[in-house]
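Novice: predicted structure and sequence below. I'll ask about it afterward.
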Amino acid sequence: MRARLLRTFVVPAWATHERSNYLRVAARLERERSMGLDERRARQWAALRSVVAHAWRETDFYRQRFREAGFEPGDLRSWEDLSRLPVLTKQDVRQQGERLLARSYSGKVLARKRTSGSTGVSLHLQVDDACIQWQRGVVLHRDRWTGWDLGEYRAAVWGNPPPLDHWRPKLRNALLDRMFFLDTLRMDEKMMDHFATGIRRRRPTLLWGHAHSLALFARFWEQRRYAPCRLKGIISTAMMLHAHERRKIEQVFGCRVFDRYGCEEVSLIASECEAHTGLHVNTDSLVVEIQPEPGVSEGRVIVTDLRNRAMPFIRYEVGDRAVPSPGTCPGGRSYPLLARITGRVADYLYTPAGELVSGISLTENFATLIPGVDQVQIEQDLLTHLVLRVVPAADFGAASREAIAACVHARFGPEMRHDVELVDRIPQEASGKYRFTICKIAAPGSTTPAQ
């Protein structure tokens with residue numbers, strides 16, 4: 001009853017107060033559930049041509065890039081023509097960020113984001129409010145695929161949860177977000193037990209978080225012999241979900257896992273629906289290309305954002321790899337499918353006390369909170385020693401080293417030693433993937449290396 005009241009009255013009133021149309025976006029997408037693939041592709045094509053023309057008119061960066069490629073917006077006559085455009089790299093965004101901004105958005109209030117991603121590369125980008133509200137609506141629409149709805153509690157296994165240290169965020173969380181967190185940087189028994197108590201007391205209908213962290217929490221729940229909770233669904237995101245982890249999570253919590261793929265730069269890229277036959281590409285917001293490579297089924301993920309007009313991302317290389325699916329959804333949803341994501345695996349590291357620390361969460365701390373760091377890789381070669389390979393920016397200096405030391409101390413404790421190695425680049429593995437964290441030690445109490 002409380003959830004229904006919040007959903008019917010409080011949430012719409014809050015959206016009106018925020019001047020947000022995200023509820024209307026979600027409702028529209030639900031009405032379009034039965035839309036055929038041809039109609040989706042036609043709409044996506046029109047949006048693509050519009051954003052390419054916009055980028056040509058409004059940004060120095062794209063006008064120069066397109067000219068160098070011998071391309072003008074009028075040359076975009078078929079989907080194949082899109083491949084004529086150069087790929088936008090993370091290095092481009094870091095070095096040319098201001099030239100990516102559309103002139104008509106100069107001086108407007110834009111949301112500023114600093115991201116790191118699975119490669120440990122720190123990026124700065126700006127997003128207009130219309131895009132943000134659209135993204136909120138898309139996420140809400142797809143969250144509902146799990147059976148959860150507005151007003152119902154959600155439990156999250158996530159790194160760096162938002163602070164609730166003031167009455168305003170506390171009120172928003174109580175009436176709108178309805179979320180409580182387990183910080184993946186503090187996944188010790190005490191914190192997991194506290195989180196489990198919150199689940200049994202508040203009875204959330206949705207659990208979501210990092211794939212490996214969900215699996216770890218599921219094993220903890222099983223070891224404690226807690227009774228199954230009344231979840232409607234579980235959303236796994238931020239890193240690759242292994243089949244054995246999916247089985248364990250579903251077995252312990254007694255509901256299905258909905259795998260999700262996205263990145264901070266463009267928000268949600270693809271997600272599972274109730275049929276669980278692949279991840280539906282978010283054609284409402286993006287064009288997603290899987291660049292094939294000889295002899296393998298997977299390819300590089302290239303995305304074009306159809307919604308962010310303030311800072312267009314056209315043919316942006318995310319840094320991940322995926323396998324496309326030629327199949328269709330038996331549930332009737334017409335979005336194209338990805339079979340699986342293959343390029344997001346982050347190792348866990350250990351504190352000297354034997355506690356696990358999530359590699360994905362470390363990304364936010366080491367790559368986004370430390371000044372002067374372009375990219376970083378953390379390797380644990382001893383239980384009490386870390387090697388941090390840092391690609392330094394121009395402003396790397398003593399303050400950067402002090403911030404690194406503070407982060408190591410805060411996340412791993414005073415017994416952890418570390419060395420900083422300045423390098424020109426973080427090499428890829430033979431597979432083409434980057435690894436942000438590498439654990440070379442056996443798990444405490446085990447004789448096999450950490451996974």
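Specialist: Cool, got the structure. Numbers count the residues shown, from 1 in each chain.
Novice: would you work out how far apart the start and end of stretch 415-424 are?
Specialist: End-to-end distance for stretch 415-424: 29 Å, by Cα to Cα, to the nearest Å.
Novice: buried residues in that stretch?
Specialist: Met416, His418, Val420 (16 or more other Cβ atoms under 10 Å). In short, each C-beta sits where N, CA and C put it, glycine included.
Novice: isn't the second one up against Ala405?
Specialist: Put plainly, it is His418. Yes: contact criterion Cβ atoms under 8 Å: His418 and Ala405 qualify, at 7.4 Å.
Novice: on that earlier part again, in strands, which of the buried residues of stretch 415-424 appear?
Specialist: Using DSSP state E, His418, Val420 are the members of these that sit in strands.
Novice: now the buried residues of stretch 415-424 in a markdown table, with distance to Val10?
Specialist: Shown next, in a markdown table, are the buried residues of stretch 415-424 (distance: Cβ to Cβ, whole Å):
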| residue | distance to Val10 |
| --- | --- |
| Met416 | 45 |
| His418 | 47 |
| Val420 | 49 |
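Novice: chain neighbours aside, what residue packs nearest to His418?
Specialist: Spatially, and ignoring its direct neighbours in sequence, His418 is nearest to Leu386 (4.3 Å; Cβ to Cβ, 6 or more residues apart in numbering).
Novice: helices of this protein, start to end?
Specialist: 2-5, 11-18, 22-31, 37-58, 60-68, 90-96, 129-143, 167-172, 189-202, 211-223, 243-253, 359-368, 398-412 (DSSP state H).
Novice: wait, which of these is closest to Gly332?
Specialist: Minimum separation from Gly332 across the helices of the chain (Cβ to Cβ) falls at helix 37-58, 11.2 Å.
Novice: the closest one: which residues count as buried?
Specialist: Buried residues in helix 37-58, counted by 16+ other Cβ under 10 Å: Arg40, Gln44, Ala47, Leu48, Val51, Val52, His54, Ala55, Trp56, Glu58.
Novice: go through the residues you listed and name the one nearest Glu250.
Specialist: For those, the residue nearest Glu250 by Cβ to Cβ is Arg40; the value is 30.1 Å.
Novice: centroid residue for the chain?
Specialist: Nearest to the centroid of the C-alpha atoms of the chain, with distances taken as Cα atoms, centre = their mean, sits Cys263, at 3.6 Å.
Novice: now do that one against Asp320, distance only.
Specialist: Between Cys263 and Asp320 the computed distance is 8 Å (Cβ to Cβ, to the nearest Å).
Novice: circling back: relative to Phe217, which of the buried residues of helix 37-58 is nearest.
Specialist: Arg40 (36.2 Å).
Novice: look up how far Thr283 lies from that closest one.
Specialist: As judged by Cβ to Cβ, Arg40 and Thr283 stand 5 Å apart.
Novice: kindly report the same for Asn173.
Specialist: For Asn173 relative to Thr283 (Cβ to Cβ), the value is 32 Å.
Novice: more neighbours, these two?
Specialist: For Asn173 versus Thr283, neighbours defined as other Cβ atoms under 10 Å are more numerous around Thr283 (19 against 14).
Novice: which residues touch the nearest residue in space to the more buried one that is not next to it in sequence?
Specialist: The shortest distance from Thr283 to any non-neighbouring residue, by Cβ to Cβ, 6+ apart, is to Gln44 (4.8 Å). Taking Cβ atoms under 8 Å, 6 or more residues apart in numbering, we find Gln44 in contact with Thr283, Val287, Leu306.
Novice: now, those that are in strands?
Specialist: Per DSSP E, strands hold the following members of these: Val287.
Novice: possible to save the contacts of Gln44 as JSON lines with distance to Gly198 and pLDDT?
Specialist: Formatted as JSON lines, the contacts of Gln44 follow (distance: Cβ to Cβ, whole Å; pLDDT from 0 to 100):
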{"residue": "Thr283", "distance to Gly198": "37", "pLDDT": "98"}
{"residue": "Val287", "distance to Gly198": "40", "pLDDT": "98"}
{"residue": "Leu306", "distance to Gly198": "38", "pLDDT": "98"}
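Novice: looking at the chain, which helix or strand is least sure?
Specialist: Within the chain, no helix or strand scores below helix 359-368, which has a mean of 68 by mean pLDDT, DSSP states H and E.
Novice: remind me which residues of the stretch 151-300 of the chain are low pLDDT?
Specialist: 295 (pLDDT under 70).
Novice: any weak-confidence spans in the stretch 351-451 of the chain?
Specialist: In the stretch 351-451 of the chain the weaker segments, taking pLDDT under 70 as the threshold, are 360-361, 363-364, 367-368, 428-434, 445-451.
Novice: for Gly36, grab phi and psi.
Specialist: Reported as degrees, to the nearest 10, the phi and psi values for Gly36 are phi -80, psi 160.
Novice: you'd agree it is up against Arg333?
Specialist: No: look at Gly36 against Arg333 with Cβ under 8 Å: they stay out of range, at 10.8 Å.
Novice: I'd assumed Arg63 was in contact with Arg99.
Specialist: No: with contact defined as Cβ under 8 Å, Arg99 does not count as touching Arg63 (9.6 Å).
Novice: what's the closest non-adjacent residue to Pro163?
Specialist: Here the residue nearest Pro163, using Cβ to Cβ, 6+ apart, is Pro169, at 7.1 Å.
Novice: gap between that neighbour and Arg67?
Specialist: Pro169 sits 47 Å away from Arg67, going by Cβ to Cβ.
Novice: who's the residue nearest to the centre of the chain bridged to?
Specialist: Counting by DSSP bridges, Cys263 is bridged to Ser267.
Novice: which residues does it contact?
Specialist: Residues in contact with Cys263 (Cβ under 8 Å, 6+ apart) are Thr115, Gly117, Ile269, Val318, Asp320.
Novice: any idea of the pLDDT on the first one?
Specialist: Thr115 is assigned a pLDDT of 78 by the prediction.
Novice: please name the bridge partners of it.
Specialist: Leu123.
Novice: same deal with Val420?
Specialist: Leu388.
Novice: looking at it, it is touching Ala398, isn't it?
Specialist: No: judged on Cβ under 8 Å, Val420 makes no contact with Ala398 at a distance of 11.7 Å.
Novice: strands of the stretch 301-450 of the chain, start to end?
Specialist: 316-325, 337-341, 349-350, 356-357, 373-382, 385-392, 417-422, 437-439 (DSSP state E, counting those that start in this stretch).
Novice: nearest to Ala218, of the ones you listed?
Specialist: Ala218 lies closest to strand 356-357 among these, at 13.7 Å (Cβ to Cβ).
Novice: check the offset of the closest one from the chain's centre.
Specialist: With Cα atoms, centre = their mean, to the nearest Å as the basis, strand 356-357 stands 19 Å off its chain's centre.
Novice: I'd say Pro336 and His280 touch.
Specialist: Yes: Pro336 lies in contact with His280 (Cβ under 8 Å); the separation is 7.5 Å.
Novice: which neighbours do these two have in common?
Specialist: Residues touching both Pro336 and His280 (Cβ under 8 Å, 6+ apart): none.
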